[in-house]
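# when you get a sec, could you give me coordinates for this:
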Amino acid sequence: MIEHTNHVSCNSCTIRTFPLFRHLNNEELQNISLNKITEIHKRGSIIYQEGNRMKGFCCVQKGIIKIYKTGFDGKEQIIRFAQSGDIIGYRSVMSNEPACTTTKVLEDSILCHIPTEILLGLVKTNGNFAVELMKLTCKELGEANSYITDIAQKTVRERLAEILLHLDNEFEADINGILKISLTREELSNIVGTATESIIRLLSEFKNEELIELKGRKIKILDKPGLKYIANI
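Coordinates of the predicted model:
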């Protein structure tokens with residue numbers, strides 16, 4: 001479900017302080033504000049799918065977005081998550097190619113849809129913005145390379161421990177120590193790259209070893225050094 005909403009001016013948006021946007025001047029921010037469309041996307045909704053032609057990119061103002069690819073057997077492979085301050089869809093815009101991933105809302109989100117010509121214009125006229133965008137692309141490529149290495153060299157147990165630490169680093173925990181991102185066992189298996197049954201068994205092992213605490217989808221990390229040891233970090 002999508003709802004249009006009165007958008008926040010880019011000049012007053014807290015995301016303006018993030019690396020990619022902090023180099024924009026008032027004129028550039030005003031141009032984005034006048035041309036963007038701000039929407040509320042409810043949990044479970046699809047923003048765009050693999051193969052879609054992109055008319056622009058999205059800035060995540062609030063919420064959590066799951067980014068994944070679908071295999072020939074229909075199984076998802078989760079690539080990463082986007083949250084406040086992140087942008088999605090920009091690589092397909094820059095390469096003028098169809099979307100190579102699908103994006104699904106995990107937590108009710110507010111997204112600003114920004115037209116293609118604005119992104120291309122900023123890259124051409126604002127060197128600092130272009131450099132930050134390049135850094136972002138390199139960071140995501142580095143994460144992809146690390147994931148490929150882990151898949152090839154680490155056991156499922158090691159990969160799960162590493163993913164739990166990564167989620168803790170990306171989303172932190174609430175005042176009770178529980179991870180702020182809530183994932184199903186199937187979604188965890190789609191990140192790690194294994195069967196759901198294996199994730200269920202390993203989570204139970206981690207719980208028995210007092211590395212984590214489980215309550216439904218909620219996960220609380222009890223022993224970070226222990227998980228780091230298992231993950232060979």
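# what is the least confident helix or strand in the protein?
Scoring the helices and strands of the chain by mean pLDDT, DSSP states H and E places strand 2-4 at the bottom, with a mean of 60.
# so where's the chain uncertain?
1-8 (pLDDT under 70).
# how about a cut-off of 80?
Low-confidence segments of the chain, defined by pLDDT under 80: 1-17, 72-73, 151-152, 172.
# so what are the domain limits for it?
As recorded under automatic domain parsing, the domains making up the chain are 2-128, 151-231.
# save those as a markdown table, and put in mean neighbour count too.
Yep, even glycine has a C-beta here, placed from its N, CA and C like the rest. Listed next are those as a markdown table, based on neighbours: other C-beta atoms under 10 Å:
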| stretch | mean neighbour count |
| --- | --- |
| domain 2-128 | 16 |
| domain 151-231 | 16 |
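# which residue is the nearest non-sequential neighbour of residue 174?
The shortest distance from residue 174 to any non-neighbouring residue, by C-beta to C-beta, 6 or more residues apart in numbering, is to residue 180 (5.8 Å).
# ok, the one you found to residue 78 distance?
Residue 180 is 17 Å from residue 78, where distance means C-beta to C-beta, to the nearest Å.
# next one: residue 136
Residue 136 is 19 Å from residue 78, by C-beta to C-beta.
# would you confirm that residue 160 contacts residue 192?
Yes. Under the criterion of C-beta atoms under 8 Å, residue 160 makes contact with residue 192 at 5.3 Å.
# go through this protein and flag its longest helix.
In the chain, assigned by DSSP state H, the helix with the most residues is helix 127-153.
# what packs against it?
With contacts defined as 3 or more C-beta pairs under 8 Å, 6 or more residues apart in numbering; DSSP states H and E, helix 127-153 has these neighbours: strand 76-83, helix 116-125, helix 156-171.
# centre-most residue in the protein?
Nearest to the geometric centre of the chain sits residue 81, at 1.8 Å (C-alpha atoms, centre = their mean).
# beta partners for that one?
Each beta-bridge partner of residue 81 is listed here: residue 66, as defined by DSSP bridges.
# so who does it touch?
Contacts for residue 81 (C-beta atoms under 8 Å, 6 or more residues apart in numbering) come out as 64, 65, 66, 67, 106, 170, 171, 181.
# rerun at 7 Å
64, 65, 66, 67, 170, 181 (C-beta atoms under 7 Å, 6 or more residues apart in numbering).
# before we move on, what SS does residue 62 have?
strand (DSSP: H, G, I helix; E, B strand; the rest coil).
# report the separation between it and residue 17.
15 Å.
# ok, now residue 112?
16 Å.
# residue 55 too?
Taking C-beta to C-beta, one finds residue 55 at 27 Å from residue 17.
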